[in-house]
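>>> Fold the following.
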Amino acid sequence: MTQENQNYYAGLFSLSLRLVVGWTYFSAFWRRTILADKLNPELPGYIGEKFNHFLPNAIGIKPIIQHLVENPDSLWVAMIGFTIIEGIVGLFIMFGLFTRLMSIGVFMLAMGILLGSGWIGTTCLDEWQIGVLGIASGFVLFLTGSSQYSIDNILIKRFPKLSRKKWFNFLGSGHLQISNIKLSRIVLIGSIFILGLTLYTNQVFHGGLWGTLHNKSVKPKIEINAAHIDGNTLNFELYRTEGVDVYGAWIINLKLKDISNKTRFQLTAEDLASLNESSIDNYYIAKVKPGQHSLIVPLGAKATLNLVHEHIAKLATGEYQLEITDISGASWSMKVLKD
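Model prediction:
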């Protein structure tokens, strides 16, 4: 079989992969702009809040995510940019236009999904699977390019000289002008790298190779930091780092207990639901806020709470235990000192 025939069949056999992968990325653009307005920060379902959910357990790109969620204007620009890129990459991959260049886009977008949200998935390893399969698909599509059912092929037939242009072979389709020995090494090294990344992230996110399997998306987890009492004010920081991403943790009880485990101060679900929003200082786009029946803490939300109450001022000097309880029954606590 000639090299030309090999390229033809490789590009032909990858058609279904091209169409499905292309749609997965183009559909992100379609959902956010046509089916619903998910790019408006003022509307429910804003994609920026979903991006905020990635923050607690992202690897490698956490500083980038944190910078964006701390700066809503930059986040909005980034979400617009990502959506446009996903739309272009997906559409071009489906139509087979500049297939290899777009496959690099698939690879990079999938890498972002994997590193940012590979830990999310309530019933199975949803985002991790999307990420690793996207990376592998992008690599394969770069190697195969596209052939008969593609715009790249139409361009080559109309302008035959393109098939001999090295730049078009690397950005579009056709024969990669690389020796078989070098190409074999690229395939082997690339495949081993992708497998290594798959195994590494599977272990880091889910304990999939050894140790205890875990899923950080199932149960809510809240970290309490910097808790202290100043006069009539209880100050502490809440940060929700785990749990389901599609709804918040619902805090229904807050207690201050003394060293004898006796409750000295308490806020019920009704009290927490009626908190003044001025007492909550949010860091990110996902916000801790009072709900109808509780205090809502979305995944990735981080805030400092300043709770002012006359009963706090009457507390004796000493050590206390701050305890907050979710509607699921889960609770978290931290020692608090009053000087």
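
>>> Can you list the buried residues in stretch 288-306?
288-290, 294-305 (16 or more other CB atoms under 10 Å). Placement of C-beta: from N, CA and C, glycine included.

>>> Show me which of those residues is closest to residue 182.
residue 300 (43.7 Å; CB to CB).

>>> List the residues that contact that closest one.
Contact partners of residue 300, counting by CB atoms under 8 Å, 6 or more residues apart in numbering, are 52, 53, 54, 55, 56, 69, 240, 241, 284, 286.

>>> Make sure the fifth one is actually in contact with residue 242.
Read it as residue 56. Yes. Here residue 56 reaches residue 242: they are 6.9 Å apart, a contact under CB atoms under 8 Å.

>>> Common neighbours of these two, please.
residue 299.

>>> mind checking the SS state of residue 272?
Following DSSP: H, G, I helix; E, B strand; the rest coil, we place residue 272 in the helix state.

>>> Could you check how many residues crowd around it?
22 (other CB atoms under 10 Å).

>>> where along the stretch 51-200 of the chain do the helices fall?
Remark: helices assigned in the stretch 51-200 of the chain by DSSP state H, counting those that start in this stretch are 62-70, 72-95, 99-117, 126-144, 151-158, 166-171, 180-206.

>>> Mind checking those helices for the one nearest to residue 39?
Nearest of those (CB to CB): helix 72-95, 6.1 Å.

>>> quick one: contacts of the closest one?
With CB under 8 Å, 6+ apart, helix 72-95 has contacts from 18-19, 21-30, 32-33, 39, 41, 47-48, 51, 67-69, 98-99, 102-103, 105-106, 109, 141, 150-151, 285.

>>> a helix runs through residue 222, doesn't it?
No. Residue 222 is assigned strand when assessed by three-state DSSP, not a helix.

>>> Which element, helix or strand, includes residue 22?
Per DSSP states H and E: residue 22 is located in helix 15-30.

>>> what's the offset of that helix from the middle of its chain?
19 Å (CA atoms, centre = their mean, to the nearest Å).

>>> Just give the number of residues close to residue 209.
Count around residue 209 with other CB under 10 Å applied: 11.

>>> who are the neighbours in contact with it?
Contacts of residue 209 by CB under 8 Å, 6+ apart are 199, 202, 203.

>>> please redo it, this time with the cut-off set to 10 Å
With contact set as CB atoms under 10 Å, 6 or more residues apart in numbering, residue 209 has these partners: 199, 200, 202, 203.

>>> Equivalent analysis for residue 252, please.
267-273, 293-295, 324-329.

>>> what's around residue 320, how many residues?
23.

>>> Would you agree it falls within a helix?
No. Counting by three-state DSSP, residue 320 is not found in a helix; it is strand.

>>> Could you double-check that residue 143 sits in contact with residue 103?
Yes. The criterion here is CB atoms under 10 Å, and residue 143 meets it with residue 103 at 8.5 Å.

>>> between these two, what contacts are shared?
residue 14.

>>> which intervals of this protein have sub-threshold pLDDT?
Applying pLDDT under 70 to the chain flags the ranges 1-4.

>>> related to what we said a few turns ago, top of the contacts of residue 209 by number of neighbours, please.
Greatest neighbour count in the contacts of residue 209, by other CB under 10 Å, goes to residue 202: 17 neighbours.

>>> Could you pull up the contacting residues of that one?
118, 125, 128, 129, 132, 208, 209.

>>> And for the third one, the neighbour number?
The reference is to residue 128. 23.

>>> show me what contacts the residue lying closest to it once chain neighbours are set aside?
Leaving out its chain neighbours, the residue that sits closest to residue 128 by CB to CB, 6 or more residues apart in numbering is residue 118, at 4.1 Å. Each residue near residue 118 by CB under 10 Å, 6+ apart is listed here: 54, 57-59, 111, 125-132, 198, 201-202, 204-206.

>>> Can you turn the buried subset of those into a selection I can paste into PyMOL?
Command for PyMOL, covering only those of the contacts of residue 118 found buried under the criterion 16+ other CB under 10 Å:
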select buried, resi 54+57+58+111+125+127+128+129+130+131+132+198+201+202+205+206
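
>>> any idea how far the closest residue in space to residue 145 that isn't next to it in sequence is from residue 130?
Of all residues beyond its chain neighbours, the one nearest residue 145 is residue 173 (3.3 Å), with distances taken as CB to CB, 6+ apart. Distance of residue 173 to residue 130, computed by CB to CB, to the nearest Å: 25 Å.

>>> got it, and residue 20?
12 Å.

>>> same thing with residue 219?
For residue 219, the distance to residue 130 - CB to CB - is 22 Å.

>>> just residue 30 next, same as before
17 Å.

>>> Tell me how the chain divides into domains.
3-206, 221-338 (automatic domain parsing).
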